[in-house]
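Visitor: What follows is a predicted structure for the sequence shown.
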Amino acid sequence: MKEQHNRRRNAYKAANGHFDFVLLIVVLFLVAFGLLMIYSASSYKAGLDYGDPAYFLKKQLLSTLIGFGALIVTVRIPYRLWKELDLWIGLVGILVIPLVKIPGLGVTANGATRWIDLNIVTVQPAEITKLCMIIYLAAVIAKLGKNIRTRKGLMIALIPPTIAAILIYAITKNLSSAVIVMGIAVAMLFVALPNYKVFVVSGIAVIAVVVGVVLYAVSGSDVESFRLLRVQAWLHPEDFSTDKAFQTLQSLYAIGSGGIWGKGLGQSMQKMGFLPEAQNDMIFSILCEELGLFGAITVIFLFAILIWSCMVIANNTEDMFGALLVVGVMAHFAIQVILNIGVVTNTIPNTGITLPFISYGGSSIVFLLIEIGLVLNVSRGMREQ
Amino acid sequence: MGFFMAGFKTKHKRKAFVMCMLCVLVLAALIVRVGYLMIGRSEHYTYLAEVLHERERDIKAARGRIIDRNGIVLADNETVCTVSVIYNQIEEPERVIEMLSKELGLTEEYVRKRVEKYSARERIKSNVDKETGDRIRNMDLAGVKVDEDYKRYYPYGSLASKVLGFTGADNQGIIGLEVKYEEYLTGLKGKILTVTDARGVEIEDVGEKRQEPIAGGDLHISIDVNIQQYATQLAMQTYETKQADSVSMIVMNVNNGEILAMADVPEFDLNDPFTLQDIWVQENVEEGEEVPSEQDLLNAMWRNGCINDTYEPGSIFKIITAAAGLEESVVTLEEGFHCPGYIIVDDRKIRCSKVGGHGAQSFLEGFQNSCNPVFINLGLRIGTERYYSYFNKYQMMNRTGIDLPGEAGTIMHKQENVGNVELATISFGQSFQITPIRLMATVAGIINGGNVVTPHFGRYVISEDKETIEEFEYSVTEGIVSEETSEKMRYMLETVVSEGGGSKAYIEGFEIGGKTATSQTLPRSANRYISSFLGFWPASEPQVMALVIIDNPQGMYYGGQIAAPVVKQLFENILPYLEDMDYNE
């Protein structure tokens, strides 16, 4: 209780009242920036394919408005309510995934069934799952208290997200969303558990496996499996320029030709049909091409502020559930930003991950804004402690 | 770090901070990575991206013009347009189809097929005149493109067609000077680097990079359009009145080899060189006769008889025999000869053109009479070996080096095969073949004081910005005859016109020199003749020489009767003009 009093004296809280405006402004800026970039990246192709250069912008604008509506609602509902619904939310997070298999509801695009059609909008269940798992994990870890350190506690926390991740991968063939769900779970447990050892060991283990796979791929084994080719394409994109590394290479062309100052907003060449998914997974490349290194650094900086703000809110929230909610959201953003920029810069092998707030994607922005709503809600609660 | 860490009272806050810092560190690493790509690898990827985006389009360079010695343009460029459509940019296909079919005179069906074809750029029609092209462009219909292009244009149509030559579809020279001076005329193509999207469609508002073309140089030639026109008219008139197979005429400056006119009628239309003229169209081909291909006929139509074909020069060649004889001092002008109308060489009886014979005559009179026995006698006196050495000295075995493609070589007996009979026939210009231009160049050398010049057209090339790119120089073989012999030859040739067989070329008030020739073509039984006359002026100090060759004239066929008057008419027309022009500076 004494700690709580200390926290209350924190100057940060006094200055901000019961709302984290820094976070909100950063988010607003990113959303606005995202809309601008979506229009820039998609208008040429949209004009050709749909006869309306603003086709994608309009759809994204609608989703954004829905998202802000959801954010306002989320901010008004006390977040503690969700803690009591933890099991239900966890169940929803898992059960929502197989919905894509229901005929008439599932939407297939690019050979993968990842969306469900709600008539007005299509929703990617994985986005719901991510949100649900953040709430579920925060709730069970907070409820378990010190028991989280027991085997049983770990099981309770880890099994639902693991099931969710497996389902996402098995049903929707969406490896990256599965990785994100597991990543969020691991990150939240990392914060909740007092020790480092197990994380450092498993971190080293993961790195060892990655290095092993890369060395195996490089050693020129004639096992031409899909994933090994992907590794090869990652290491030598220019040798796979027509198929496996096509998108990556086009992305590098875009980034590289941006230079320090960029070609200017709207001046991208790569968006003229050269770079697939220009307004989607690859939007950061177009951003680099048009706004240069400065634009790229600015955006990365904004994400860093966003992550930092989350950490500050988490660490100023005495309520364990609230703090862990914020940590989960922070992990979610961090993982997606890092993986997305990692992919477009060919730092890691290509996998489909969107850049939060900036990539085109209707359901994504709605759930991302709900998550921000949760964080703002928690930040609001800081004073009431 | 310690400052922050110290503040954390609970482990999970510390770990949240650690996680946040890890994320920020990774983000910082990604900034480094992005920075590396955007600075370190920028040049590399920018280059690759540009290669991907850019399409290269050529801009044709204007071909250099061909200009006569008075500055009159003989080969020019006409701006023509190519009309094409870009499928993705067309907004009103029906209007475009209607307008294009109307303006270009094409069927609606034809235009529709192309307008509705899904392609990056579809050509509708090329070689559209500029006026129509401008009209279409001004309508400003989306998706319709009008590109300007050059087309060769010859203002004088068929004039000097075989000399100038023409160009093909790619604006490259095909025959004549157009081929010979290709490297000067062609210019350097420019380039437009356009930027396209992934489908290859040009992006309009992106600035295009242009590399301007460099126009070809203007070739200034020695032809004088006025003389060329007189010569062609006369040749054509002779061609028609004599119903000849062809009439060739060359007018040359004897002192520097500049050709003032070269006509070889029938000529052909340079603006439509691929259409056979009526006379070349084969009618009533007899059974069993081999039908020449259209290309063979075209080649025949384009052939320049003055340089591409050889003929038996006949009596004009006596100039060479006479010069050799005088140089060797085996004869003098005054020496007496007797002509009984024939001469027996070994066991062959060779007739003189005058059946009853010329009787007693001096060598000069024999030359004026063009008496075969006198020259056979002279040829035998000189002997094969000496004769051939003069033949070589006079450059008769070499091509002249005229700046036109396809000059034919001399067809002569091998020296070791020449017996008295062969030597006898060579002496008066039979049994071997040379080109008209070869004959002219050598005779010019004999009468101009002994310098065999290189006949030529090209004088200099001037670039678009009036700089001289090249002034052509031509070789001269000096001292082929002595000045004394040259002077004697001039005198002898003048008397041919004033007193002898060339009298029909005589013009009051002008001293003209010349020599007639009438040669029977092979086989002798066909009774086909070639009549020719070579004339020059002024006889004592020659400046200009003209040669006319009438191939297979009908009716009267003696060179002195039908060829000499042609040269007379030519000189009557051009000599007063040449006196004013003073081409020898």
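Guide: Now that the structure is in, tell me what you want to look at.
Visitor: sec struct for the residue in the stretch 451-585 of chain B that chain A sits nearest to, please.
Guide: Here the stretch 451-585 of chain B gets closest to chain A at one residue, B:Glu464, 35.3 Å apart by Cβ to the nearest Cβ. Glycine gets a C-beta too; all of them are placed from N, C-alpha and C. What DSSP: H, G, I helix; E, B strand; the rest coil gives for B:Glu464 is coil.
Visitor: List the contacts of residue 90.
Guide: You didn't say which chain, so I picked chain A. Contact partners of A:Gly90, counting by Cβ atoms under 8 Å, 6 or more residues apart in numbering or on different chains, are A:132-133, A:136, A:140, A:160.
Visitor: oops, chain B please
Guide: B:Ile90 neighbours (Cβ under 8 Å, 6+ apart): B:96, B:115, B:141-144.
Visitor: now with 7 Å?
Guide: By Cβ atoms under 7 Å, 6 or more residues apart in numbering or on different chains, the contact set of B:Ile90 is B:96, B:115, B:142-143.
Visitor: A:Ala323 now?
Guide: A:Ala323 touches A:314, A:317, counting by Cβ under 7 Å, 6+ apart.
Visitor: separation between it and A:Gly90?
Guide: Distance, A:Ala323 to A:Gly90, by Cβ to Cβ, to the nearest Å: 19 Å.
Visitor: Flag every residue of the stretch 1-150 of chain B that's near chain A.
Guide: Contacts of the stretch 1-150 of chain B with chain A, taken as Cβ under 7 Å from any Cβ of the partner chain, map to B:9, B:11-13, B:15-17, B:19-20, B:23-24, B:26-27, B:30-31, B:33-35, B:37-39, B:41-42, B:44-46, B:48-49, B:52-53.
Visitor: so where's the chain uncertain?
Guide: Just going to use chain A. For chain A, the stretches flagged by pLDDT under 70 are A:1-18, A:110-111, A:119-120, A:218-228, A:242, A:381-385.
Visitor: I was thinking of chain B, sorry if that wasn't clear
Guide: For chain B (pLDDT under 70), the answer is B:1-9, B:119-120, B:199-201, B:204-208, B:282-289, B:581-585.
Visitor: Mind doing that once more with 50?
Guide: For chain B, applying pLDDT under 50 flags the ranges B:1-7, B:584-585.
Visitor: can you count the residues close to residue 54?
Guide: Since you didn't name a chain, this refers to chain A. 16 (other Cβ atoms under 10 Å in any protein chain shown).
Visitor: not quite, I wanted chain B
Guide: Neighbour count of B:Glu54, defined by other Cβ under 10 Å: 17.
Visitor: Help me confirm that it comes into contact with B:Val195.
Guide: Yes. B:Glu54 lies in contact with B:Val195 (Cβ atoms under 7 Å); the separation is 5.9 Å.
Visitor: Of all residues in chain A, which one is closest to chain B?
Guide: Closest approach of chain A to chain B (Cβ to the nearest Cβ) occurs at A:Gly256, with a separation of 2.3 Å.
Visitor: my read: that residue touches B:Gly35, true?
Guide: No. In this structure, A:Gly256 is not within contact of B:Gly35 by Cβ under 7 Å, at 11.5 Å.
Visitor: Compare those two and say which is more crowded by neighbours.
Guide: A:Gly256 (25 against 14).
Visitor: helix or strand right after the helix or strand hosting that one?
Guide: Assessed by DSSP states H and E, A:Gly256 sits inside helix A:246-258. Downstream of helix A:246-258, the next assigned helix or strand under DSSP H and E is helix A:283-315.
Visitor: Which other helices and strands does that following helix contact?
Guide: helix A:21-50, helix A:246-258, helix A:320-344, helix A:362-381, helix B:11-35 (3 or more Cβ pairs under 7 Å, 6 or more residues apart in numbering or on different chains; DSSP states H and E).
Visitor: residues in contact with the last one?
Guide: Residues from elsewhere that reach helix B:11-35, judged by Cβ under 7 Å, 6+ apart: A:187, A:190-192, A:194, A:255, A:288, A:293, A:296-297, A:300, A:303-304, A:307-308, A:311, A:314-315, A:327, A:330, A:334, A:338, A:341-342, A:345, A:347, B:4-5, B:8.
Visitor: In ChimeraX, how would I select just the buried ones from these?
Guide: Those of these that count as buried under 16 or more other Cβ atoms under 10 Å in any protein chain shown are selected in ChimeraX with:
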select /A:187,190,191,192,255,288,293,296,297,300,303,304,307,308,311,314,315,327,330,334,338,341,342,345,347
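Visitor: Contact partners for residue 133?
Guide: Let's take chain A. A:93, A:160-161, A:164, A:181, A:184-185.
Visitor: if you could check chain B rather than the one you did, that'd help
Guide: Going by Cβ under 7 Å, 6+ apart, B:Gly133 touches B:81, B:83, B:146.
Visitor: let's see it at 8 Å
Guide: Applying Cβ under 8 Å, 6+ apart, we find B:Gly133 in contact with B:80-81, B:83, B:146, B:148.
Visitor: most neighbours, which of those?
Guide: Neighbour counts for those peak at B:Cys81, which has 24 neighbours (criterion: other Cβ under 10 Å).
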